[in-house]
Structure formats: C-alpha cells, structure tokens
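[1] no FASTA, just this:
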C-alpha cells in the first residue's frame with residue numbers, strides 16, 4: 001500500500017472511529033457531520049470523499065459491527081464440538097446474547113439491525129457468514145426441507161434474537177435477558 005493509500009485509509013478509519021464514538025455516546029440524532037470531522041481531525045470535504053451523509057456512515061458501521069458479532073459467534077461455535085444441531089445453534093445464539101450484553105453501547109447503536117438484512121449484505125464479503133448458513137444446512141441435512149425453507153428459518157431466528165436482545169438487554173422488557181433467554185431458547189427449539 002502506498003503512502004497516499006495509507007493516508008486515505010487512516011482518514012477513513014478516523015472518521016469511522018469518531019462517528020462510532022459519537023453515535024454511541026451522544027446518539028445518532030445529536031451527532032452532526034461537523035462533530036464527526038472535528039473529532040476525526042479532518043476537514044468536512046474529506047468526510048464527503050468517503051460517505052454521502054451521516055446515515056451512510058451509520059449504515060456502514062452497523063453492517064461492520066453486526067457482521068463482527070455474527071462472525072465471532074460462528075468462529076467460537078466452530079471451535080467447539082456438539083452432539084447435535086440444536087446444541088450448536090443454541091451455543092451460537094448464546095454467544096451473540098452474551099456479547100451484546102457486554103457491549104450495550106454497540107447494541108444500542110445496531111438497535112434491531114442484527115437481522116436478515118445485515119446477514120444478506122455481509123454474505124458476499126464475509127466468509128464467516130457463509131459458515132452460519134453452512135451450519136444450518138448441516139443441521140438440516142437429513143431433512144427434506146428446501147434450501148429456501150432453511151433460509152427462512154435462519155431469517156426468523158436472527159430476527160428474533162436481535163429483537164429479544166434489544167428489548168431485554170436495553171429496555172429490560174418484558175423482563176431482563178436472564179429471564180428471557182430460556183424462553184428464547186425454547187422458542188428456537190420449536191422453530192428448528
């Protein structure tokens with residue numbers, strides 16, 4: 001990488017880091033582009049070289065952070081041995097829940113975006129996301145269910161997990177995550 005390319009990447013990363021910090025501490029609506037560039041130590045024009053507006057950088061942050069959580073969850077799951085698909089899947093989901101419980105600021109930012117939309121956007125660029133789908137295909141290898149149906153099951157489980165995490169960890173509604181986790185796991189067992 002040339003010095004110019006390194007400088008560009010450093011500026012983009014500075015903007016990204018500044019936006020993430022400001023979005024998680026001040027909130028999205030209370031953060032202006034001028035706040036981001038000031039914290040990043042770059043000019044406003046530099047911001048527009050990389051991003052269309054603050055929602056463009058927000059979308060990229062959400063994609064990156066959500067994909068990171070899913071990638072870490074599948075990496076950790078693949079390092080373990082399981083007797084059956086149900087145990088493997090619940091370990092994967094539990095890893096996501098515990099990760100988000102520890103990083104509430106990130107959970108607030110990604111809000112309910114740990115979802116199928118994120119999964120589909122990340123599918124083409126992140127190998128770990130392919131492994132999540134492979135885990136599901138392996139889990140259903142002896143069934144007559146179609147690939148399309150298996151994808152729909154994965155969709156429901158990701159959507160459900162993201163929503164329950166946000167509601168139970170951030171809002172503690174209807175109850176905290178410790179009380180919701182057994183209900184979530186029982187529901188996932190019924191889905192699969």
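    Happy to help now that I have it. Only a predicted model underlies this, so the values are computations on that prediction, with no experimental measurement involved.

[2] so who does residue 71 touch?
    Counting by Cβ atoms under 8 Å, 6 or more residues apart in numbering, residue 71 touches 126, 128-129. (Glycine included, C-beta is placed from N, CA and C.)

[3] confidence score at it?
    The model reports residue 71 with a pLDDT of 89.

[4] coming back round to it: of the contacts of residue 71, which is the nearest to residue 101?
    residue 128 (20.9 Å; Cβ to Cβ).

[5] residues in contact with that closest one?
    For residue 128, the contact set (Cβ under 8 Å, 6+ apart) comprises 67, 70-71, 74-75.

[6] right, and the helix or strand after the least confident helix or strand in the chain by mean pLDDT?
    Least confident element among the helices and strands of the chain, by mean pLDDT, DSSP states H and E: helix 116-123 (a mean of 65). Moving toward the C-terminus from helix 116-123, the next helix or strand (DSSP states H and E) is helix 127-139.

[7] show me what contacts residue 141?
    Contacts for residue 141 (Cβ under 8 Å, 6+ apart) come out as none.

[8] so how far is residue 22 from it?
    The gap separating residue 141 from residue 22 is 46 Å, by Cβ to Cβ, to the nearest Å.

[9] do the same with residue 97
    Distance from residue 97 to residue 22, by Cβ to Cβ: 27 Å.

[10] same thing with residue 190?
    Distance from residue 190 to residue 22, by Cβ to Cβ: 41 Å.

[11] in whatever helix or strand residue 18 lives in, which residues are buried?
    Element membership of residue 18 [criterion: DSSP H and E] is helix 3-25. For helix 3-25, burial by neighbour count (16 or more other Cβ atoms under 10 Å) applies to 11-12, 14-16, 18-24.

[12] show me what it is packed against.
    Using 3 or more Cβ pairs under 8 Å, 6 or more residues apart in numbering; DSSP states H and E as the contact test, the elements touching helix 3-25 are helix 33-40, helix 44-50, helix 54-78, helix 104-110.

[13] what residues go with each domain of this structure?
    1-51, 56-191 (automatic domain parsing).

[14] of the ones you listed, which shows the lowest average pLDDT?
    domain 56-191 - the lowest mean pLDDT of the domains of the chain, at a mean of 88.

[15] could you tell me the end-to-end distance of that domain?
    Its start and end residues considered, domain 56-191 measures 35 Å (Cα to Cα, to the nearest Å).
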